[in-house]
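my questions concern the predicted model and sequence given below.
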Amino acid sequence: MAGWNADTAAGPVGAGHITLVEGACFCISLANGDIHPEHPHGAFHEDTRILSRWDLRVNGAALEPLAAEVKEPYRALFIGRVPRSDGYADSPLVVERLREVATGIMEDITIRNYSSEPAQCTVSVRAEADFADLFEVKEARIQRHWRESRHHAGDSLTISAVWHDVLKRVIVRGDGAAATTDVLTYQALVPPHGHWSTQLSVVPVSGDAPAPASPLEKPAAPDISPSDRRRREWVAKIPKLHMGNRSIEATLRRSYDDLGALRIQDPAHPERIVVAAGAPWFMTLFGRDALWASEMALPVDPSLALGTLQTLADRQGKAVDPMSEEEPGKILHEVRLGVSSGLALGGKSVYYGSVDATPQFVMAVGSVSRWGFARDTIAALLPHADRALDWVREFGDKDGDGFVEYSRLNDQGVINQGWKDSWDGINFADGTLAKPPIALCEVQALVYSALLSRRGWRTTPGTHRWPRGSPARRRS
């Protein structure tokens with residue numbers, strides 16, 4: 001399932017760090033593959049850091065990074081060298097770490113011995129999980145302190161933590177390892193000009209749910225993981241363009257891969273695929289971003305726009321709530337899962353502080369209606385589009401002057417609620433910051449386009465009365 005979250009300040013990841021993304025999960029690490037809690041690192045699942053430390057040591061030493069290659073958005077190969085204890089640089093031991101992100105992470109570790117003598121190696125992997133919220137990590141302000149317990153048996157380590165009435169667990173397994181409360185250890189004898197390999201996994205478990213089957217079991221087709229299969233299905237359905245310029249073809253292939261990596265599922269309807277706002281910190285649903293991205297991707301995959309519209313329609317505003325800025329008919333700004341209410345904008349999992357997502361929603365319904373979906377599918381969205389236009393009239397244009405403007409409803413909300421949403425994004429030519437209420441020119445264009453879209457649908461138009469003489473009334 002997908003995890004949704006929000007947009008204040010993105011913490012710095014830094015040069016040389018590697019980011020992997022797959023659906024609701026992502027992983028950020030150093031160039032040698034290690035994860036350190038003092039950096040904005042970790043493996044994340046549904047907005048929660050399920051792995052805050054992941055240190056590989058060979059004979060007590062950290063690996064010297066040699067190369068890191070991102071093979072797919074969800075898979076990378078880290079190559080490092082084991083430092084020699086005598087200080088010489090030409091170590092014969094090279095370590096490969098092939099990591100894949102899915103629901104948790106899988107990692108294949110291979111030590112290659114390029115000397116003519118066997119090498120006795122003590123291989124240890126230290127694991128920690130602080131279950132910090134994504135925003136706590138990226139803003140370096142860990143606030144919640146979980147009550148942790150650890151249990152080890154055989155080659156697995158289970159880390160459990162409780163915060164208030166929330167229970168989270170993560171299971172770390174190492175094929176053939178000896179597990180303690182914080183380290184998985186191997187005693188490996190690497191033959192001359194040979195290699196030694198093992199596999200580890202980190203899997204999150206929700207609450208009291210039973211532990212999943214070991215992901216170390218090899219699938220029927222060992223070279224095809226679920227992520228590979230999902231990617232192949234995506235590549236198979238998108239248009240294929242051939243041209244004489246190979247650079248343009250390569251750009252298109254990379255764009256397809258990047259767009260495919262941003263696809264996440266609606267938690268309530270796994271069959272719906274929506275577009276996340278961006279990696280790594282924004283692998284989540286944003287109303288504005290998802291609508292724009294999916295509409296521009298209509299020639300590639302129209303189902304992205306349909307899934308986005310259906311998901312936003314399910315979460316359309318129903319009541320007036322000044323803290324979350326919810327209003328009847330309004331389309332959300334962001335959704336989040338798995339965090340404390342004190343960290344979420346508006347104190348809830350859904351925040352509605354966006355002035356442009358609502359007319360954009362109506363525009364996108366108009367666009368999708370022209371792409372050949374079943375009449376019943378489009379008809380189900382029309383009441384939501386009419387409710388969105390009701391919001392434009394009743395709440396977007398509060399003073400009745402015909403222009404849609406915004407002013408946040410509480411001092412914890414987003415200050416600027418259009419496309420330029422940084423706190424100092426709207427200013428005059430002399431640099432003076434504009435003060436709300438603010439009517440953005442592009443929002444008026446979106447409203448106009450939304451009204452034209454609604455008028456063109458083959459169904460009985462809704463009744464939208466505008467103040468006499470207003471621009472909105474004249475253009476409707």
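Received it, and whenever you're ready, just let me know what you need.

can you show me the helices along the stretch 351-476 of the chain?
Using DSSP state H, counting those that start in this stretch, the helices of the stretch 351-476 of the chain run over 357-368, 375-379, 382-391, 441-455, 471-475.

domain ranges for this protein, per the record?
51-131+146-211, 262-475 (automatic domain parsing).

out of those, which is closest to Thr19?
Ranking those by proximity to Thr19 (C-beta to C-beta) places domain 262-475 first, at 4.7 Å. From N, CA and C alone the C-beta is placed, and that goes for glycine too.

roughly how far is the closest one from the heart of the chain?
Centroid separation for domain 262-475 versus its chain: 20 Å, with C-alpha atoms, centre = their mean, to the nearest Å.

could you give the mean pLDDT of it?
Averaging pLDDT along domain 262-475 yields 85.

reformat the domains of the chain as JSON lines; add mean neighbour count and distance to Arg254.
Output for the domains of the chain, formatted as JSON lines (neighbours: other C-beta atoms under 10 Å; distance: least, C-beta to C-beta, whole Å):
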{"stretch": "domain 51-131+146-211", "mean neighbour count": "17", "distance to Arg254": "10"}
{"stretch": "domain 262-475", "mean neighbour count": "18", "distance to Arg254": "13"}
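
Phe26 is nearest to which of those domains?
Phe26 lies closest to domain 262-475 among the domains of the chain, at 4.7 Å (C-beta to C-beta).

residues in contact with Phe361?
Gly287, Leu291, Leu309, Leu312, Ala313, Ile331, His384, Ala385, Ala388 (C-beta atoms under 8 Å, 6 or more residues apart in numbering).

who does the helix or strand where Phe78 lies pair up with?
For Phe78, the element it lies in under DSSP states H and E is strand 75-81. Strand 75-81 has its sheet partners listed here by DSSP bridges as strand 64-72 (antiparallel), strand 93-102 (antiparallel).

on that earlier part again, now render the helices of the stretch 351-476 of the chain as a markdown table, adding distance to Lys71.
Formatted as a markdown table, those follow (distance: least, C-beta to C-beta, whole Å):
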| stretch | distance to Lys71 |
| --- | --- |
| helix 357-368 | 34 |
| helix 375-379 | 37 |
| helix 382-391 | 41 |
| helix 441-455 | 39 |
| helix 471-475 | 51 |
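
which one of those lies nearest to Leu63?
Within the helices of the stretch 351-476 of the chain, the stretch nearest Leu63 is helix 357-368; the backing value is 45.3 Å (C-beta to C-beta).

CA atoms only for the closest one, dumped as CSV, please.
Output of helix 357-368 as CSV, limited to C-alpha atoms (Å, rounded to 0.1, in the frame of the first residue of the first chain):
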residue,chain,number,x,y,z
ALA,A,357,-6.1,21.7,-7.0
THR,A,358,-9.9,22.1,-7.1
PRO,A,359,-10.3,23.8,-10.5
GLN,A,360,-7.5,21.5,-11.8
PHE,A,361,-9.6,18.5,-10.8
VAL,A,362,-12.4,19.7,-13.0
MET,A,363,-10.0,20.3,-15.9
ALA,A,364,-8.6,16.9,-15.5
VAL,A,365,-12.1,15.3,-15.5
GLY,A,366,-12.7,17.0,-18.8
SER,A,367,-9.4,15.8,-20.2
VAL,A,368,-10.0,12.2,-19.1
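
got the angle between it and helix 441-455?
40 degrees (axes from the mean of the first three to the mean of the last three C-alpha atoms, to 10 degrees).

how near is Glu139 to Asp133?
From Glu139 across to Asp133, the span is 10 Å (C-beta to C-beta, to the nearest Å).

of the two, who's got more company?
Asp133 (25 against 16; other C-beta atoms under 10 Å).

quickly list what that one is bridged to.
Beta-bridge partners, per DSSP bridges, of Asp133: Thr48.

so which residue is dead centre in this protein?
The centroid of the chain falls nearest to Met283 when counting by C-alpha atoms, centre = their mean (1.4 Å).

got the phi/psi numbers for that residue?
Main-chain dihedrals, Met283, degrees, to the nearest 10: phi -80, psi 70.

close enough to count as contact, it and Ile264?
Yes: between Met283 and Ile264 a contact is recorded at 6.4 Å, counting by C-beta atoms under 8 Å.

about what we covered before: by mean pLDDT, show me the worst of the strands paired with strand 75-81.
Looking at these, the bottom one is strand 64-72 with a mean of 91.

now what about it, what contacts it?
18, 20, 30-33, 76-83, 91, 94, 227-228, 231, 257.

how far off centre is it?
On the basis of C-alpha atoms, centre = their mean, strand 64-72 sits 22 Å off its chain's mean C-alpha point.

can I get that strand as PDB, trimmed to CA atoms?
The C-alpha coordinates for strand 64-72 follow below in PDB (Å, rounded to 0.1, in the frame of the first residue of the first chain):
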ATOM      1  CA  GLU A  64      36.000   1.900   1.300                       C
ATOM      2  CA  PRO A  65      33.600   2.900  -1.500                       C
ATOM      3  CA  LEU A  66      34.800   2.300  -5.000                       C
ATOM      4  CA  ALA A  67      31.600   2.600  -7.100                       C
ATOM      5  CA  ALA A  68      27.900   2.700  -6.900                       C
ATOM      6  CA  GLU A  69      25.500   2.100  -9.800                       C
ATOM      7  CA  VAL A  70      21.800   2.500  -9.800                       C
ATOM      8  CA  LYS A  71      20.600  -0.200 -12.100                       C
ATOM      9  CA  GLU A  72      16.900   0.400 -11.800                       C
END
